[in-house]
Structures are given as C-alpha cells and as structure tokens.
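K.L.:
Here is my input; please provide its structure:
(2 chains)
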Amino acid sequence: MITVSFPDGAKRQYDAGVTPLAIAESISKGLAKKAVAAKVNGGWWDLSRALEGDAALALVTRDSAEGLEVLRHDAAHVLAQAVQDLFPGTQVTIGPVVDDGFYYDFYRAEKFSSDDFEKIEARMREIVDLDLPILRKVWGREQAIAHFKAIGEEFKAQIIDDIIPEGEAITVYSHADQWADLCRGPHLPSTGRLGKAFKLMKLAGAYWRGDPKNPQLQRIYGTAWADERQLADHLHRLEEAEKRDHRRIGRQQGLFHMQEEGRGMVFWHEKGWTLWRTIEAYMRRRLEAAGYTEVKTPQVLDRVFWEKSGHWEKYRENMFVCETVEEETLSLKPMNCPGHLQIFKFGQRSYKELPIRMAEFGACHRYEPSGSLHGLMRVRAFTQDDAHIFCREDQIEEEVAAFIRLVRVVHGDFGLQAAHVNLGTRPEKRAGDDAFWDKAEGMMANAARMAGIEPVIAVGDGAFYAPKLDFIVKDAIGREWTCGTIQLDYVLPDRLGAEYIGEDGAKHKPVMLHRAILGSFERFIGILIENYAGTFPLWLSPVQVTVATITSDADAYAEQVAAALRAAGLRTEVDTRNEKINFKVREHSLARTPVIAVVGRKEAEEGKVALRRLGGEHQQVMSLEAAVAALAREATSPDLR
RNA sequence: GCCGCCGUAGCUCAGUGGUAGAGCGCGUCAUUGGUAAUGACGAGGUCGGGAGUUCAAUCCUCCCCGGCGGCACCA
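P.N.:
Below is the predicted model of the structure:
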C-alpha cells in the first residue's frame, strides 16, 4: 500500500501501481472525466502512469491553465500524426504550446497549403474518435537515436544528440502502436480525451532551431480549447481584435497612410497629426514639470561622427547612409544619444548641474528588415520621446525611481494599465565584469522598489553595456505591450569623452540613462488606436465637436457656435451640408466624433445647443455658454485637471 | 532578409481564356428634413508592374514590386 496526499491535506491509501486516473475515479466520476494530467510531488505525471510509492498528488483538469497546456500539447501531437498519416515522408521536429494554442514544425520538400487544413483536421478528428491509448516509454539514448534515424527522423535524432543532456531519461510517447514522438510529456491517457475544440489557424515559415542558416521548416499553427464554447469565444475575440487593427482604423478615420515608395514611413494626415500634436504637447508639459529640458539635434551627421560613437561598427546595417556630390558619407541618425552627448560636452559641466535631463522628440531613421515592418508598430522613420539623464552614480537610483513614477502617470493618462516591469539582466555577450553587473542590476532593482514595484527578472535581456527596465502595459482588451524603457549606460559617455568637474575639482565621468515613455510616437499612436478601438477620449480626439445643422436657416448660428467652441480651445468642425440630421448624426457617430452639437431653428432663436454624446441616446439642450464651459472642462488634458 | 498566402474602382469585395461588376464613397440635380442611411441620374478601372504561352490574357507560366501572417532581426 502507498499513501497519497492531496492538495487539501487529505490522505488516502492505495495499492502500489495505482494510476492517478484510477485515483480520480475513486474520488468522483466527474473529476476523472475532467482530468488531463497530474502533478506528483510537484512534477508533471501522466494520468496513466503508475505510482509506485507515497506521493503528493494534484489532479490537473482541462479547464485549468495548466490543463489547457496539456491539451494543446496533445493537439500538437495529434496534428503531427495526422500530417504524417496524410503526407508520408514528412519529418517532424518540435511542436510546443504557445499562447492560445500550439504549433508543429514540419520538414517536407513539398509545400503545405491552407487548403490542406480541412483534410488534416478531418484526420485529427478521426484520431480523436479512435481514442488511441497514449503510451509512455523510457528509452536509452542510443536506442532512441538509432530508432529515429532508422525511421528517417533526422531532426528528432539531432534533438537527442544536441539538446538532451547525457544521462537524462528519454521518453517517447506513442498513440497506440501507430505513431510515436520524442517528448517530455505529460500527455493524456488517450487521444479521445483531447476533444474536438481545436482548429488549424495558419501556415508560416520557421527556421530549424531559429537559425536562418538551418533548413526552413513549415509551421502549422492551431488553437485548442477545453470545449467548443471556449473555442468559439476565442475565435470571436480574434474577430474583435481585428476590428481594432490600427491600420484599418487609421484608414477609416483618415489618420495616416503609407505607400510603397516609402516602406515603413508614415504620411500623417490632418487628423492623425492632430492626435500626434496633442500627445506631444501633453508630453512636453509632463517633461517640463518633471525637470527636463528640451533640445533638438541634427538629422544627418558625418560618418566620422558615427565611427566615434561606435554605431558605424556595430549598427551600420540599420543605418540610412547617403553620399554627397562632394563625396562625403553621411548617415541619418538612428539614435539621439550621441547627439545629446555633444550638447553635454559643449563647454564645461559642473557637478552642480547634475542631473541634466535632456529631452528630444527625436526623429530617427533605421533600416529595419523589410519583413519586420508592420503598420505603425514597426517603421523605418519614427520619432522617439527620447531623453538622456546625465548624472552621478549616486543619483541613479533616485532618477530611475522618479522616472518610474512618471511613466506610471503617463501610461495611466492614456488609459493603459500597468502590467509589470521587466528587469533585463546581463546578457551572454556583454561588456563589464560580474562585479559591475551585480552592482548595476542591484541599483535598478532597488530603484524599482523605491517606486513601489517588484520587477520581474528577464534573464539575459539587458543591453550589452548595462541592465534596463522595460514597462509592460495592458490595453483595453488585455493585450500586453512593452511601452517605456530606461537603460543604464556607463559606456557611451566614456567613449565620447563626456566629463564634469566634481566637488573635488577633478574630472569625472557622468553616467547616462537612456529613457523613453511612449517609445516612438508612431508605435504609441498605433497602440492607442487599438486600445481605444478608434474611439478616443475627448481630450485626444482629433475632432472634438461637430456642429451639425438641421436646416440651412441655422447655418450662420452654427458658425457662431463653432467660433465660440474654437475660442475655448475645442477642435470643432461644422457640418452645414444639405443632408438630413439623421444622416449627419449617423455619419459623425461612425466617424467617432465624441460630441455632436445639433443646432436647428429653435436653438438659433434661443441661443442654445443640443449636445449629443457618442453612443448616447439622449441629448442635452443648454445655452451656448454653458455648453462651451462644460466641454472645455471635459476636454482638458489630464495633466491640467 | 527567409517561408507561405494575397494584389480587380477611393474603400470592402464578386467575377470570366473573348479588354469587367456590386455595395459604400464621389459628382450633379431635386429635396430644408429635429437625433444612426431622402431620392434620381452620372462619372470612375492599362484588373500591382514586366515578360512569356495563345488567334486572343485580368484569368495560364515566369520574374519583379508591394501587402498580409509567421520566422529571423530589434547594438
């Protein structure tokens, strides 16, 4: 007999060799049905794998996050079997679980097409219906390599050879005797338990082990859920997210466009640019209040300059380089930092001036790989809300902490919820010894704690010269975006010879903090469009009020109303077209105008306006003065409230 | 950059080996209507670009460009 203890503290006796599935059945039929795997003494365990000794057992059910992972992993295996059944000669590689689903990478000379999905899904459903038992076997290393080589699975053999450490048990899971895959597990007791709430989603290319020098594989993505309802919900969420796509809304609302002669470059139309300028004016005020000064540095600088900064050597591939008729070689700036250092170095600096917080809305150009471009999210010409804080080492923590507080306020003002803060620690390839990194990472973590935040450690994610903090926010539908960063830098000030005179009269090197809150205006506006789904709050909306007339008798009065609103700083348009009010209301509502001020003969006579809020069903009739005052108050930027 | 898919009117999309269609939008005219579509008429396309096959290509083939989804990249 063995003793099995449960998460709630209960203990029960079973015969040795009992399986978690049998235990689940002994507790309740429902539990047994919902179970997909188990945790034994904290580690994953198959439901059908016998327990030989005392154990702490937790059953994992299909409706839990961990249970879904097991399901998805099995879905990947069933996909792989289906593909190999239908397309003999296809080699399998790996098939992990990802957010919302799974994928499997295949190697096959012929191309898959999404037209094949239907056939593959049908075969997957057959495999589920067959309810094949999933069997776990432990093999010796040589046996496993020999087996996979013998059946032509070169990639699998390579995984064992290269990735799995000597001495580690090699487990193979099979679907009855039909199909087998190298896998760590755990897996369901049989394929029937997977259910049919899965769907193949898309086809993509991927490199074997992520390296472009390796063979190109074909990746099939799928999604899988505990039941049909969850699958339907997921597909619905995808549709909703697509409706928020900033490229679509940007076109619909006339915010911006891009065209092929300027890949990765944005043509900002009037409304989009208004949004930009509103954000910029807001940021300028926030920065000024936080003790920043603003500068502007050249767009194009000589090659020699970039050689000194190190960019010519390290960043050349991403730079837009141009030649002049006088045979100079110049480059558009990919970053603002070297420029800011020139301003710092101009004349002599005293420790009394530090910290210097030097901001620039710096327009940068980077030659990004063509395949990485994506709407406003990844562009080749962008404007950073950049700043560099030059300070003494003992000022770092305080500056970083103050920055974190500023970031939080700004993100909140744009309706973005703080998710977490990542501390990127020492990468493999790095400058500086361990003592330096210990100290630098410690300072960043400390600063975060000073601002009331426990950072999440992102191992190896730091810059090569120092650690950084990245700020992750959540948008209105729960998607996460990395927005805002602060990076420590001892290297560049040194390399470009920045110094200040200390209290002791000697020269010292300043430390530099690179930081951005929005990142780039382009990307941030893209995020905002998706966060608000194009329905911007009043203070941000490119058009805040549209004055719409009912009859042409009110045209003159409408202009008067608009003039009063504009005088109060409200971005106002007038619609005196010869159209019915229904038509105008519909059109301006679809255009997401926050306020429609309707004026007809009655309002003109009484000096009133009828305000209709976007999405609202009622109108508020009030005097023009009252409307102007109310709207002006509501439209106030959050930093001025 | 690599792999796959896609490219028809301003937008969303249908369609055929015999030089094209819808809805919305746009223009003109009529209509002055009280809170989510007034009606009539009209204009608008080298079917992404180039080459090839064919009596004939928007349709088939190849190359190029671009878009989309991934991968890789993001000192």
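
K.L.:
hey, let's count contacts and neighbours off CA atoms from now on
P.N.:
Noted.

K.L.:
RNA strand B contacts on the stretch 51-200 of chain A?
P.N.:
A:111-114 (C-alpha under 7 Å from any atom of the strand).

K.L.:
Return the distance of residue A:104 relative to residue A:205.
P.N.:
11 Å (C-alpha to C-alpha, to the nearest Å).

K.L.:
for the residue nearest to residue A:372 when sequence neighbours are not counted, which residues make a bridge with it?
P.N.:
In this structure, residue A:372 finds its nearest non-sequential neighbour in residue A:378, 6.9 Å apart by C-alpha to C-alpha, 6 or more residues apart in numbering. Residue A:378 has these beta-bridge partners by DSSP bridges: residue A:374.

K.L.:
number of nearby residues for residue A:201?
P.N.:
Counted with other C-alpha atoms under 10 Å, the neighbours of residue A:201 add up to 14.

K.L.:
Report all helices and strands that the lengthiest helix in chain A contacts.
P.N.:
When chain A is parsed with DSSP state H, its longest helix is helix A:65-86. Helix A:65-86 is packed against strand A:35-40, strand A:55-61, strand A:97-98, strand A:101-107, helix A:117-130, strand A:216-224, with contacts defined by 3 or more C-alpha pairs under 8 Å, 6 or more residues apart in numbering; DSSP states H and E.

K.L.:
List the buried residues in the fifth one.
P.N.:
Residues of helix A:117-130 classed as buried: A:117, A:120-121, A:123-125, A:127-128 (neighbour count, 16 or more other C-alpha atoms under 10 Å).

K.L.:
of all those residues, which comes closest to RNA strand B?
P.N.:
residue A:117 (11.6 Å; C-alpha to the nearest atom of the strand).

K.L.:
Look through the stretch 301-450 of chain A and state the residue closest to RNA strand B.
P.N.:
residue A:371 (2.9 Å).

K.L.:
part of a helix, is residue A:214?
P.N.:
No. Under DSSP: H, G, I helix; E, B strand; the rest coil, residue A:214 falls outside any helix and is assigned coil.

K.L.:
residues touching it, list them.
P.N.:
Listed by C-alpha atoms under 8 Å, 6 or more residues apart in numbering, the contact partners of residue A:214 are A:207-208.

K.L.:
go on, residue A:322?
P.N.:
By C-alpha under 8 Å, 6+ apart, the neighbours of residue A:322 are A:329-332.

K.L.:
ok, which pair from the residues you listed is furthest apart?
P.N.:
A:329 and A:332 (10.5 Å; C-alpha to C-alpha).

K.L.:
who in the stretch 501-641 of chain A is up against RNA strand B?
P.N.:
A:550-553, A:577-583, A:585-587, A:589-590, A:598-603, A:610-612, A:614-615, A:617-619.

K.L.:
Any idea how many residues pack against the residue of the stretch 301-450 of chain A closest to RNA strand B?
P.N.:
6.

K.L.:
got it, and residue A:55?
P.N.:
Residue A:55 has 17 nearby residues by other C-alpha under 10 Å.

K.L.:
Tell me the secondary structure at the residue nearest in space to the middle of chain A.
P.N.:
Computing the C-alpha centroid of chain A and ranking residues by C-alpha atoms, centre = their mean puts residue A:481 first, at 3.4 Å. Here residue A:481 is recorded as strand under three-state DSSP.

K.L.:
what's near enough to touch it?
P.N.:
Each residue near residue A:481 by C-alpha under 8 Å, 6+ apart is listed here: A:472-475, A:527.

K.L.:
Domains of chain A: list them as residue ranges, please.
P.N.:
Following automatic domain parsing, one gets these domains for chain A: A:2-61, A:66-227, A:256-297+A:333-532, A:545-640.
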